[in-house]
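**Student:** could you work out the structure for the sequence below:
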Amino acid sequence: EYRIHPDTGSSLLWYHPHHEGSSLLQSIGGMAGAFIIADATQDALLGFDAPRRLLVLQSLHFDPASSDNLEKVALNDGCSMLGPRVVNPTGFVGMLLLVNGGEAPYEELSAGGWMRLQLINAMVDSTSAIVFGFHEEASERACSLRALAFDGVYLESARPARSLTLPSAGRVDLAVSCSTPGRHALVSLGSPGSVHAGGVVEAGHPIAVLRVVAEDARATETAPKLRRGPSMLPGPPPFYRNLLHAPPDGEHTFEFGAADGSNVVNGRLYDERPTYRMVQGSVQQWELVGGEGLRLGKLHPYHQHMSHFQIVRHSGYHAELGHVGDIGEWRDTLPLYRDLNYTIRFVAPPFMGLMMVHCHITKHAELGMMTLVALDPPRPPVAPSETSTPTTIATLVATLATATTAEGHETMAAPRFVLVLAVLAGTLVVATALAATLRNWLSAAGRRRAGSPPAQFDEVAEFDEEDDADGNGSGGGVRGGGCHPYVRFAIS
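**Tutor:** Next comes the predicted model:
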């Protein structure tokens, strides 16, 4: 059961299996779906009642040489007991892009009218980022795309785009219009830039085919409203305040992958333990870095649960993939490459427990490219006492050594041996603190020499079996039970 915050507004979300060890197998089997929040009041105020079409994108690979080959995945390196059998009567070799489980739909649209397309990239394999737009020159001239929302969060104004990029788990709400009757296909464009980008779906796969017809004379009453297209949009919900100039309370870096191809986050395989802690309500600034391959060679889509984040900065190769994500936009997924990195900010959500961060190429995550972030409650402020004074070794010794007589004269209050004991005790406390500091420094130096990442905290929060009431290993709602980017709506 989820309580949806009344300020959330309309939002495009999705769900898929997230059970460790079998997420890839179940997802490639088609287990995914849309989760849509509809705010009728907000939609009415938007004044853009164009027809909507939901498009869930998935893929099947029939290339025997591909690591994403359907039969290879189903056999799971020989570990599967299911005995899968793939039927391919035509001997098709290559990738098959599925839209809502089948072929790209044909949609009829009046010339000059508008339609809303809501796309969900539910592909989870190593070739999962899709760059799309109108490929044919005539369609590029006749048709226009305007982005309304990304990852379920509205923009403040519609954003024209010739092409857009959706990484695995990415969503986009589009307005599309074509002025010239005819057939106009929205297709995958491959890697459009001068630098080839890895992990991108090849060109030529249709996503939707628009059959544009001359304007129906009977629709003249509604045509003027639809001709205007979307202009002002609701923008992010109020609980996502602008953080572009907000000073961060905590900073961290997540590097996905390594030069040797290891499926690690910050050099560490997933081990069910958190690697970073943050306080609820704190402003977090994170650096998202791709650690594998050269330039745009190796893709690792970054995805975090519980909360969206705002893009603060991005690196120079951003333009090579078309529209990926601009400064100020709110997302929960971004594509990472060696030369395409981001700085993001968000407010740590008001939930106790663990937040998952992982690569959304499911095979990479299951092999270790994910980690946990622990959420701690805010520390209550400590009000200073008006009568208390700082206690130090010097004041403690002075208190033991002197007292005040009734006449106001100071005199020795303790025998000399008591004073000596107090000094020795204070010296022992200082020596113990110095020894602990030296031990921690030597331990950190040893980890650096061994190539392991530095520890982020002293205590490690262990998995609490009492939280696993359903017995499926989902303590705290993290280890299983589905992808929950919409948990942010459980704000009371």
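**Student:** not counting stretch 233-246 itself, show me its contacts.
**Tutor:** For stretch 233-246, contacts defined as C-beta atoms under 8 Å, 6 or more residues apart in numbering pick out 5, 7-9, 42, 45-46, 148-149, 153-158, 283, 308, 310, 312, 327-328, 330, 345-347, 488, 491. C-betas here are computed from N, CA, C, even on glycine.
**Student:** which of those residues are buried?
**Tutor:** The neighbour count (16 or more other C-beta atoms under 10 Å) marks 8-9, 42, 46, 148-149, 153-155, 158, 283, 308, 310, 312, 330, 345-347, 488, 491 as buried among the contacts of stretch 233-246.
**Student:** those in strands, which ones?
**Tutor:** Among the buried ones among the contacts of stretch 233-246, the members falling in strands (DSSP state E) are 148-149, 153-155, 158, 283, 310, 312, 330, 345-347.
**Student:** I'd like to know how far His135 sits from His184.
**Tutor:** 10 Å (C-beta to C-beta, to the nearest Å).
**Student:** which one of the two has more residues nearby?
**Tutor:** Between His135 and His184, counted using other C-beta atoms under 10 Å, His184 has the larger neighbour count: 22 against 18.
**Student:** quick one: which of the ones in strands among the buried ones among the contacts of stretch 233-246 is nearest to Val265?
**Tutor:** Looking at those and their distance to Val265, the nearest is Phe346, at 17.9 Å (C-beta to C-beta).
**Student:** quick check: the residue lying closest to that closest one once chain neighbours are set aside vs Met352, distance?
**Tutor:** The shortest distance from Phe346 to any non-neighbouring residue, by C-beta to C-beta, 6 or more residues apart in numbering, is to Phe309 (4.0 Å). Going from Phe309 to Met352 by C-beta to C-beta gives 20 Å.
**Student:** what about these two, which has more around it?
**Tutor:** Shown here are Phe309 and Met352; by other C-beta under 10 Å, Phe309 has more neighbours (26 against 12).
**Student:** pLDDT weak spots in this structure?
**Tutor:** 76-84, 193-194, 216-228, 316-320, 383-423, 425-426, 429-431, 433, 435-492 (pLDDT under 70).
**Student:** how about the helices in it?
**Tutor:** Assigned by DSSP state H, the helices in the chain fall at 23-28, 40-46, 70-75, 137-142, 223-228, 362-366, 393-401, 416-450.
**Student:** gap between the shortest one and the chain center?
**Tutor:** The offset between the C-alpha centroid of helix 362-366 and the centroid of the whole chain comes to 15 Å, using C-alpha atoms, centre = their mean, to the nearest Å.
**Student:** what residues sit buried inside that helix?
**Tutor:** Neighbour-count burial for helix 362-366 [16+ other C-beta under 10 Å]: Thr362, Lys363, His364, Ala365, Glu366.
**Student:** please convert the residues you listed to JSON lines, extending it with distance to Ser66.
**Tutor:** Output for the buried residues of helix 362-366, formatted as JSON lines (distance: C-beta to C-beta, whole Å):
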{"residue": "Thr362", "distance to Ser66": "15"}
{"residue": "Lys363", "distance to Ser66": "12"}
{"residue": "His364", "distance to Ser66": "15"}
{"residue": "Ala365", "distance to Ser66": "19"}
{"residue": "Glu366", "distance to Ser66": "18"}
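**Student:** closest to Leu174 among the residues you listed?
**Tutor:** Of those, the one sitting nearest to Leu174 (C-beta to C-beta) turns out to be Thr362, at 25.6 Å.
**Student:** who's in contact with the closest one?
**Tutor:** Applying C-beta under 8 Å, 6+ apart, the residues near Thr362 are Ser23, Leu24, Ser27, Val124, Asp125.
**Student:** what is the burial count for the last one?
**Tutor:** Look at Asp125: counted by other C-beta under 10 Å, it has 25 neighbours.
**Student:** do the first one as well
**Tutor:** Residues within reach of Ser23, counting by other C-beta under 10 Å, total 22.
**Student:** tell me the spacing between it and Pro17.
**Tutor:** Relative to Pro17, and taking C-beta to C-beta, Ser23 is found at 5 Å.
**Student:** same question for Cys143.
**Tutor:** 36 Å.
**Student:** compare these two (neighbour count), which wins?
**Tutor:** Cys143 (23 against 19).
**Student:** so which residues of the stretch 101-250 of the chain form strands?
**Tutor:** Along the stretch 101-250 of the chain, the segments classed as strands by DSSP state E, counting those that start in this stretch run 106-110, 114-121, 130-134, 143-150, 153-161, 163-166, 171-178, 182-188, 206-213, 250-256.
**Student:** angle of the fourth one against strand 206-213?
**Tutor:** So that's strand 143-150. Counting by axes from the mean of the first three to the mean of the last three C-alpha atoms, to 10 degrees, strand 143-150 lies at 130 degrees to strand 206-213.
**Student:** again, but for the last one
**Tutor:** Relative orientation of strand 250-256 and strand 206-213, computed by the same axes, to 10 degrees: 100 degrees.
**Student:** with only the CA atoms kept, save strand 250-256 in PDB.
**Tutor:** C-alpha atoms of strand 250-256 as PDB (Å, rounded to 0.1, in the frame of the first residue of the first chain):
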ATOM      1  CA  GLY A 250      26.900  15.900   2.300                       C
ATOM      2  CA  GLU A 251      29.100  15.000  -0.700                       C
ATOM      3  CA  HIS A 252      30.000  11.600  -2.300                       C
ATOM      4  CA  THR A 253      31.200  10.100  -5.500                       C
ATOM      5  CA  PHE A 254      29.900   6.900  -7.200                       C
ATOM      6  CA  GLU A 255      32.100   5.400  -9.900                       C
ATOM      7  CA  PHE A 256      30.500   2.700 -11.900                       C
END
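**Student:** which helices and strands does that strand pack with?
**Tutor:** strand 274-279, strand 283-290, strand 300-304 (3 or more C-beta pairs under 8 Å, 6 or more residues apart in numbering; DSSP states H and E).
**Student:** the shortest one now?
**Tutor:** Contact analysis of strand 163-166 by 3+ C-beta pairs under 8 Å, 6+ apart lists strand 130-134, strand 171-178 as its packing neighbours.
**Student:** how far does the longest one sit from the chain's center?
**Tutor:** Strand 171-178 sits 22 Å away from the centroid of its parent chain (C-alpha atoms, centre = their mean).
**Student:** which strands or helices does that strand pack on?
**Tutor:** The helices and strands touching strand 171-178, judged by 3+ C-beta pairs under 8 Å, 6+ apart, are strand 11-15, strand 106-110, strand 114-121, strand 143-150, strand 163-166, strand 206-213.
**Student:** what are the pairing partners of that strand, and which direction each?
**Tutor:** strand 114-121 (antiparallel), strand 143-150 (antiparallel) (DSSP bridges).
**Student:** next, the angle strand 182-188 makes with the last one.
**Tutor:** With the same axes, to 10 degrees as the criterion, the two stretches strand 143-150 and strand 182-188 enclose an angle of 40 degrees.
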